[in-house]
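**Student:** structure for the following, please:
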Amino acid sequence: MTIDEYIDSHIDPEGDYLYRLWRATNLHTIHGRMASGHLQGRLLKMLVQMIRPLNILEVGTFSGYSAICMAEGLTPGGRVWTYEINDEMEDFTRPWIEGSPVADRIEFRIGDANVEAPRLGIEFDMAFVDGDKRTYRQTYDTLLPIICHGGYIIADNTLWDGHVVDPAYDHDSQTRGIETFNDYIAGDDRVEKVILPIRDGLTIIRKR
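**Tutor:** Numbering: from 1, shown residues only. As a prediction, the model looks like this:
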């Protein structure tokens with residue numbers, strides 16, 4: 001048994017619907033590993049239950065796995081606003097979101113969250129960032145003003161498979177984007193921050 005298998009067997013189960021979505025994502029999309037998966041999905045749900053946000057913004061829906069997990073943790077009246085910039089994902093993702101038990105808590109939109117989210121006129125209690133790694137810093141600068149004081153931004157892939165400490169990837173644009181974001185956050189005294197070495201790195205940022 002691997003350590004990942006051990007962890008999966010000692011946390012809350014994934015559930016049949018999410019398992020089927022995870023499997024379909026890996027079978028029918030090119031980058032199936034981009035979906036949050038069992039461990040991170042259960043963590044996102046628990047973070048929502050801890051933070052108790054009313055409005056969550058997600059940047060990068062992909063197949064809808066993380067949006068569903070966060071929606072599971074919401075209290076009545078809460079909503080996830082999730083944006084996917086790649087319109088080719090819509091035919092796959094929308095049926096899975098609309099067929100989920102928490103469909104009434106998810107607003108799925110195709111578009112650029114950096115442009116569209118500020119136009120909503122909503123102050124968000126929490127954001128989950130899992131979009132284009134090359135523009136993470138720009139996304140952060142867009143989101144911070146619409147996050148409430150004491151609210152959270154959770155950024156995925158911030159260790160980028162270890163590439164952030166591997167000189168072989170110094171000229172890779174996505175690695176450079178993550179490094180720029182990490183360095184920027186580390187020096188930003190407007191927020192508190194911690195990186196969790198879970199899966200591909202998860203940074204939890206709290207707005208002071």
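**Student:** mind listing what Val59 touches?
**Tutor:** Tyr83, Ala113, Asn114, Ala117, Ala127, Phe128, Val129, Asp130, Gly131, Thr139, Leu143 (CB atoms under 8 Å, 6 or more residues apart in numbering). The C-beta positions use only the backbone N, C-alpha and C, and glycine is treated the same way.
**Student:** nearest to Arg105, out of these: which one, please.
**Tutor:** Ranked by distance to Arg105 (CB to CB), the contacts of Val59 are led by Phe128 at 14.2 Å.
**Student:** which is the next helix or strand following the particular helix or strand that has the closest one in it?
**Tutor:** Element membership of Phe128, judged by DSSP states H and E, is strand 124-129. Downstream of strand 124-129, the first helix or strand assigned by DSSP H and E is helix 136-143.
**Student:** is it true that Tyr140 touches Ile147?
**Tutor:** No - with contact defined as CB atoms under 8 Å, Tyr140 does not count as touching Ile147 (9.8 Å).
**Student:** residues that sit against both of those two, list them.
**Tutor:** Ile153.
**Student:** what's the neighbour count on His28?
**Tutor:** Taking other CB atoms under 10 Å as the criterion, the count of residues near His28 is 10.
**Student:** rewinding a little: for the strand holding Phe128, which strands pair with it and how are they oriented?
**Tutor:** Strands that pair with strand 124-129, judged by DSSP bridges, come out as strand 55-59 (parallel), strand 147-156 (parallel).
**Student:** let's see the longest one as CSV, backbone CA atoms only.
**Tutor:** Read it as strand 147-156. Provided in CSV are the C-alpha atoms of strand 147-156 (Å, rounded to 0.1, in the frame of the first residue of the first chain):
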residue,chain,number,x,y,z
ILE,A,147,-12.2,39.5,-1.1
CYS,A,148,-13.6,40.6,2.2
HIS,A,149,-11.3,41.5,5.1
GLY,A,150,-10.6,38.2,6.9
GLY,A,151,-11.4,36.3,3.7
TYR,A,152,-9.3,33.6,2.1
ILE,A,153,-7.6,33.0,-1.3
ILE,A,154,-6.5,29.4,-1.8
ALA,A,155,-4.1,28.9,-4.7
ASP,A,156,-3.4,25.4,-6.2
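**Student:** and that strand, average pLDDT?
**Tutor:** Strand 147-156 carries an average pLDDT of 97.
**Student:** nothing else from me, thank you.
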